[in-house]
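Asker: sequence unknown, structure follows:
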């Protein structure tokens, strides 16, 4: 049962980040934009039962919950804490779970896989730490030619700056290694 170490505001006024003392997962990201997507996830399903919750994102030792802007955060945080504290801490993660999380990009050519590895290395070093610090993350959905398709998760998923400024910043950074790349958010 994870204990809450800290609760932080994020740049998105409709999202709050919970930092935990024990991990909920070992590197596998869980991101849900509605209750239907969360059907197989007990924690996320319980969080979507709370009125005003519109997005649930968690990985390792933190969870971000986004609301519709109609709830009082003080009250909502108390409600969120109940299922969060009841959730099981992560057990040892199987190789199958890690494989399933990465399977979507398995059909890339060897050259494109090498390009994607370089892109991910740069994202991991320069972008993801900041997004995670703000209660979000970025998942690469695809690489087709010079087009990189990304999906924002957690607080970043509904933050106005992620679609404009942050996306252009990511594209400009990636152009240092891929001059013709275009980054689009899905």
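Answerer: Sure thing, it's come through. These figures come from a predicted structure and were not determined experimentally. Numbering: from 1, shown residues only.
Asker: got the domain boundaries for this structure?
Answerer: The chain breaks down into these structural domains: 4-86, 103-185 (assignment by automatic domain parsing).
Asker: got a markdown table for those, with mean pLDDT too?
Answerer: Below are the domains of the chain laid out as a markdown table (pLDDT from 0 to 100):
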| stretch | mean pLDDT |
| --- | --- |
| domain 4-86 | 93 |
| domain 103-185 | 85 |
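Asker: TSV for those domains, including mean neighbour count?
Answerer: C-beta: built from backbone N, CA, C; applies to glycine. Formatted as TSV, the domains of the chain follow (neighbours: other CB atoms under 10 Å):
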stretch	mean neighbour count
domain 4-86	17
domain 103-185	16
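Asker: what's the spacing between the residue nearest to residue 48 when sequence neighbours are not counted and residue 181?
Answerer: Of all residues beyond its chain neighbours, the one nearest residue 48 is residue 35 (3.8 Å), with distances taken as CB to CB, 6 or more residues apart in numbering. Taking CB to CB, to the nearest Å as the measure, residue 35 falls 35 Å from residue 181.
Asker: ok, now residue 60?
Answerer: Taken as CB to CB, the spacing of residue 60 relative to residue 181 amounts to 28 Å.
Asker: now swap in residue 52 and tell me
Answerer: 38 Å.
Asker: for residue 43, what are its contacts?
Answerer: Taking CB atoms under 8 Å, 6 or more residues apart in numbering as the definition of contact, the neighbours of residue 43 are 24, 30, 56, 58, 83-84, 87.
Asker: If we use 6 Å, what do you get?
Answerer: The neighbourhood of residue 43, defined by CB atoms under 6 Å, 6 or more residues apart in numbering, consists of residue 87.
Asker: And for residue 143?
Answerer: Listed by CB under 6 Å, 6+ apart, the contact set of residue 143 reads 112, 116.
Asker: at 7 Å what do you get?
Answerer: Going by CB atoms under 7 Å, 6 or more residues apart in numbering, residue 143 touches 108, 112, 115-116.
Asker: got those residues as a markdown table, with distance to residue 124 columns?
Answerer: Compiled in a markdown table, the contacts of residue 143 are given as follows (distance: CB to CB, whole Å):
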| residue | distance to residue 124 |
| --- | --- |
| 108 | 18 |
| 112 | 18 |
| 115 | 15 |
| 116 | 12 |
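Asker: out of these, which are inside helices?
Answerer: Counting by DSSP state H, the members of those that fall within helices are 112, 115-116.
Asker: quick revisit: out of the contacts of residue 143, which one sits closest to residue 17?
Answerer: The shortest separation between residue 17 and any of those is 27.8 Å, and it belongs to residue 116 (by CB to CB).
Asker: That closest one reaches residue 108, doesn't it?
Answerer: Yes. Using CB atoms under 7 Å, residue 116 is in contact with residue 108, at 6.2 Å.
Asker: Could you name the helices and strands sitting against the helix or strand harbouring residue 84?
Answerer: Secondary-structure assignment from DSSP states H and E places residue 84 in helix 73-86. Packed against helix 73-86 by the contact rule (3 or more CB pairs under 7 Å, 6 or more residues apart in numbering; DSSP states H and E) you find strand 4-9, strand 15-20, helix 42-48, strand 62-67.
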